[in-house]
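A.B. asks: Here is the input, now give the coordinates:
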Amino acid sequence: MAAFAALKSNGWEDRTHAELSRVGARRPRSDGAKLTPSERRVVEFAADGLANKQIASTLYVTVKTIEVHLAHAYAKLGVHSRSQLARALVTRSQSRARD
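C.D. replies: Presented below is the predicted three-dimensional model:
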C-alpha cells in the first residue's frame with residue numbers, strides 16, 4: 001500500500017486496503033507499539049518453549065487468554081511463529097540495552 005501511496009495511486013491504494021481487510025490481513029506494526037505487561041509475560045514464557053497450556057497454568061488464566069495475548073503480540077511484533085517471536089524478543093531486548 002505504501003508503494004501506491006508514494007505513487008499517489010489512490011484507487012489502487014484503496015483497493016489494496018479493502019482486499020487486505022477482506023482477508024483479515026494485518027500489517028506489522030512498526031510504530032513502536034509496546035507489548036502490555038501481560039503480553040510480555042506470555043511472550044517470554046512462549047519464547048522459553050512453554051506450551052500455551054503450561055503458560056495458562058503458570059499464570060492461572062485460560063488457554064484462550066494466552067492465545068489472545070500471543071495473537072496481539074504477534075501482530076505488534078510483525079511475526080507469524082514462535083521462533084520468530086523469540087528472535088523478535090531478543091532483538092528488542094538488545095536494542096533497548098543499547099539505548
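
A.B. asks: Without its sequence neighbours, what residue ends up closest to residue 38?
C.D. replies: Once flanking residues are discounted, residue 38 sits nearest to residue 69: 5.8 Å by C-beta to C-beta, 6 or more residues apart in numbering. (C-beta placed from N, C-alpha, C; glycine too.)

A.B. asks: burial measure for the one you found, as a count.
C.D. replies: 24 (other C-beta atoms under 10 Å).

A.B. asks: Also residue 46?
C.D. replies: 22.

A.B. asks: measure it to residue 53 for me?
C.D. replies: 12 Å (C-beta to C-beta, to the nearest Å).

A.B. asks: Low-confidence regions, this protein specifically.
C.D. replies: Within the chain, the ranges that satisfy pLDDT under 70 run 1, 4, 24-33, 95-97, 99.

A.B. asks: rewinding a little: the residue nearest to residue 38: what's it in contact with?
C.D. replies: Residue 69 makes contact with 36, 38-39, 42-43, according to C-beta atoms under 8 Å, 6 or more residues apart in numbering.
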